[in-house]
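Participant: 3D model of this:
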Amino acid sequence: TNSAPSDFQTNEIHSLILSSEAEISDLGAEIVNVRRVLDRLELQRTRLADFVKSHRGVVSTIRRLPTDILDEIFSQYLSESGSPVHSPEALSRVVGVCKRWRTIVLASPLLWCHIALSMYNEVPHDS
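Facilitator: Okay, the predicted model is just below:
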């Protein structure tokens with residue numbers, strides 16, 4: 001109905017409004033606390049993920065491969081890419097990975113036994 005509430009109903013409604021406002025405030029404070037906890041947990045997760053990422057490589061299988069196996073892998077890779085002279089990009093990709101790989105590549109006679117030369121013979125044009 002459209003009639004005004006009684007005094008009792010008005011007091012009851014005011015009481016419900018006050019308790020609802022208090023609950024809204026409590027929920028807001030709880031949301032702030034939960035967001036802080038969530039931020040802390042996300043930071044902790046990020047730090048752990050960074051730790052895992054940075055340490056996974058330390059125990060990777062490729063670090064335990066013998067030098068002669070890596071030398072053969074590099075020889076195959078670079079032969080597919082052309083000789084190091086023909087493909088400096090391929091060579092720089094390999095030697096740029098780590099100090100051990102650079103040492104292996106630079107010490108490998110198989111990778112440096114061929115030298116490709118390009119010779120141009122310029123013929124002067126008659127003017």
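Participant: Domain-wise, how is this protein divided?
Facilitator: According to the domain assignment given by automatic domain parsing, the chain is divided into the following structural domains: 7-58, 61-112.
Participant: Secondary structure element for Ser25, which one?
Facilitator: Using DSSP states H and E, Ser25 sits within helix 7-56.
Participant: Mind giving me the packing neighbours of the very next helix or strand once past that helix?
Facilitator: Once helix 7-56 ends, the next helix or strand along the chain (criterion: DSSP H and E) is helix 67-80. Packing partners of helix 67-80 (3 or more Cβ pairs under 8 Å, 6 or more residues apart in numbering; DSSP states H and E): helix 88-95, helix 99-107, helix 109-112. Using the backbone N, CA and C atoms, a C-beta is placed for each residue, glycine as well.
Participant: and if we set it to 6 Å?
Facilitator: Using 3 or more Cβ pairs under 6 Å, 6 or more residues apart in numbering; DSSP states H and E as the contact criterion, the neighbours of helix 67-80 among helices and strands are helix 99-107.
Participant: for the record, mean pLDDT for the helix it packs on?
Facilitator: Taken as a whole, helix 99-107 has an average pLDDT of 92.
Participant: angle of it against helix 88-95?
Facilitator: Relative orientation of helix 99-107 with respect to helix 88-95: 130 degrees, computed using axes from the mean of the first three to the mean of the last three Cα atoms, to 10 degrees.
Participant: Identify the residues contacting helix 99-107?
Facilitator: With Cβ atoms under 6 Å, 6 or more residues apart in numbering as the contact definition, helix 99-107 has outside contacts at 67, 70-71, 74, 94-95, 111.
Participant: and it, which residues are buried?
Facilitator: Using 16 or more other Cβ atoms under 10 Å as the test for burial, helix 99-107 gives 101, 104-105.
Participant: Have a look at this protein and report the helix or strand with the lowest mean pLDDT.
Facilitator: Each helix and strand of the chain was given a mean pLDDT (mean pLDDT, DSSP states H and E); the minimum falls on helix 109-112 at a mean of 76.
Participant: chain center to that helix, what's the gap?
Facilitator: Counting by Cα atoms, centre = their mean, to the nearest Å, helix 109-112 is centred 34 Å from the centre of its parent chain.
Participant: Dump the C-alpha coordinates for it into CSV.
Facilitator: Below are the C-alpha coordinates for helix 109-112, written out as CSV (Å, rounded to 0.1, in the frame of the first residue of the first chain):
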residue,chain,number,x,y,z
PRO,A,109,88.3,-27.5,-35.5
LEU,A,110,85.3,-29.0,-37.4
LEU,A,111,83.5,-25.7,-37.3
TRP,A,112,86.5,-23.7,-38.5
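Participant: I'm done for today, thanks for sticking with me.
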